[in-house]
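Enquirer: sequence and predicted model, in that order:
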Amino acid sequence: MPQSMGKYGATLHIDLSSIQANWKLLASMCNNSTVSSVVKANCYGLGISYIVPALASIGCKEFFSATIDEAIEIKKLISDREVNLLFGVNTEEEAFICLEKKINPVINHLGQFEIWQGACKKISSSSNDYIPKAWFHIDTGMSRLGIPEKELEKIIELYITSIKLPFNGVISHLACAEEPEHPMNCIQLKRFRLLRDKIINFTPQSSRWSLANSSGIFLGNDYHFNLTRPGASLYGLNPTPYQENPMKNIVTLYGKILQVQQVDRNQTVGYGATHTFTKPGRIATVGVGYADGYMRSSGGISKARLGKISVPIIGRVSMDLITLDISEVPEGKYHLGCPVELIGKDYTVDDFARDSGTIGEEVLTTLGNRYERVWNNIDTPVKI
């Protein structure tokens, strides 16, 4: 833990070497499958410009983003790697951007296929430019993005009668992979295999097939096919919530003590006076609040660490501040400006998410822009 804090109210440490270790662990579990990295939402809020190169440097050759802006940003960072666009192309302009930047779109429905087909026809008739290889995303039960089975036949017909569009492969997405016994897992696996058999008749034998997300990798080899797409597990979230987390912790969040005060018996704390002291004690006020992504719903439930001592967050979380009961912390073990660990190895993102009534993915992507961010790697921390 740092001895003191700078001008920021809080500091978020992001461990790049642990992200690399998490990718390597997943790769060791997928001997017959390429392991890609899902880096959407700015690498789950943790920084594309640092994390993508860190993953590329250890051998990750394939990346998935959600939006076209992020896909372009990733391509600038690693121009020699495959970058795939999960949202697909929704306008002709987006299709031409993908063609120009060599970004592989994921085709989620018939309309996107027609946009992509039209753009490729124009390119093929005017030049010999490289045409990125598209993915087909088939819906096997998520009912979110994905080609419905009733549209698949039409797309197959259009594909066969069109110019020979370069084809990457087929993906789908598991709805309940974090629950190994959930019947949806087997249902989706069966549907994926059936639709794959239907598609394989008109695609190259070298096409790739991808079903498993982070939790799907832990369902076993049957779900791996030849490409897996982990996201949350790379960033330290538990892909196996039914057992101990096999992934390394990635983030540590430190807040700064702004004020310490003595309180009397029956004194209340914060908005709504939701906490009342039953005996004299001490409060430390820390400069982090819901404007920084520290969930308001965690008030009165979550924990922090002052040195090696666990202390409760009391009262409501406000926009910029939280209050800690430090009555049991010996005097001399804290001071103004003293760092307090709010999220870390002993109280993880998943722990905080549970106490906030949400999931780790929401916590990571909500962590605020007012933090000082420090990316720790093997050599030296990088600040921004």
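Expert: Structure received.

Enquirer: apart from its chain neighbours, what residue comes closest to Lys101?
Expert: Nearest-residue entry for Lys101: Lys75, 5.3 Å, with adjacent residues in sequence omitted and distances by CB to CB, 6 or more residues apart in numbering. (Glycine included, C-beta is placed from N, CA and C.)

Enquirer: and what of Tyr8?
Expert: Closest residue in space to Tyr8, ignoring its immediate chain neighbours: Glu372 at 4.0 Å, by CB to CB, 6+ apart.

Enquirer: partners of the one you found in the sheet?
Expert: Beta-bridge pairing of Glu372 under DSSP bridges involves Thr11.

Enquirer: that one is in contact with Thr11, isn't it?
Expert: Yes - the criterion here is CB atoms under 8 Å, and Glu372 meets it with Thr11 at 4.5 Å.

Enquirer: higher neighbour count, these two?
Expert: Here Glu372 and Thr11 are compared on neighbour count by other CB atoms under 10 Å; more neighbours surround Thr11, at 19 against 16.

Enquirer: secondary structure element holding Thr365?
Expert: Element membership for Thr365 (DSSP states H and E) is helix 360-366.

Enquirer: for that helix, packing partners?
Expert: Helices and strands touching helix 360-366, by 3 or more CB pairs under 8 Å, 6 or more residues apart in numbering; DSSP states H and E, are helix 40-45, helix 349-356.

Enquirer: I'd say Ser210 and Thr228 touch.
Expert: Yes - the criterion here is CB under 8 Å, and Ser210 meets it with Thr228 at 6.7 Å.

Enquirer: about what we covered before: now render the helices and strands packed on helix 360-366 as TSV, adding mean neighbour count and distance to His109.
Expert: Formatted as TSV, the helices and strands packed on helix 360-366 follow (neighbours: other CB atoms under 10 Å; distance: least, CB to CB, whole Å):
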stretch	mean neighbour count	distance to His109
helix 40-45	22	19
helix 349-356	21	32
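
Enquirer: in TSV: those, plus mean pLDDT and distance to Cys30.
Expert: Shown next, in TSV, are these (pLDDT from 0 to 100; distance: least, CB to CB, whole Å):
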stretch	mean pLDDT	distance to Cys30
helix 40-45	97	20
helix 349-356	98	23
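
Enquirer: closest one to Leu86 among the ones you listed?
Expert: Ranking these by proximity to Leu86 (CB to CB) places helix 40-45 first, at 6.7 Å.

Enquirer: after that closest one, next one along is what?
Expert: The C-terminal neighbour of helix 40-45 among helices and strands, as given by DSSP H and E, is helix 48-56.

Enquirer: for that following helix, packing partners?
Expert: Judged by 3+ CB pairs under 8 Å, 6+ apart, helix 48-56 is in contact with helix 16-29, helix 40-45, helix 68-77.

Enquirer: so what touches the last one?
Expert: Defining contact as CB atoms under 8 Å, 6 or more residues apart in numbering, one finds that helix 68-77 is touched by 39-42, 48-49, 52-53, 56, 63, 65, 83-85, 87, 94, 97-98, 101-103.

Enquirer: drop anything exposed from the residues you listed.
Expert: Neighbour counting with 16 or more other CB atoms under 10 Å marks 39-42, 48, 52, 56, 63, 65, 83-85, 87, 94, 97-98, 101-103 as buried within the contacts of helix 68-77.

Enquirer: would you map the strands across the stretch 51-200 of the chain?
Expert: Remark: strands assigned in the stretch 51-200 of the chain by DSSP state E, counting those that start in this stretch are 62-65, 82-85, 104-107, 134-137, 167-171.

Enquirer: of all those, which lies closest to Gly289?
Expert: Closest among the strands of the stretch 51-200 of the chain, using CB to CB: strand 62-65, at 30.3 Å.

Enquirer: sweet, I'm off.
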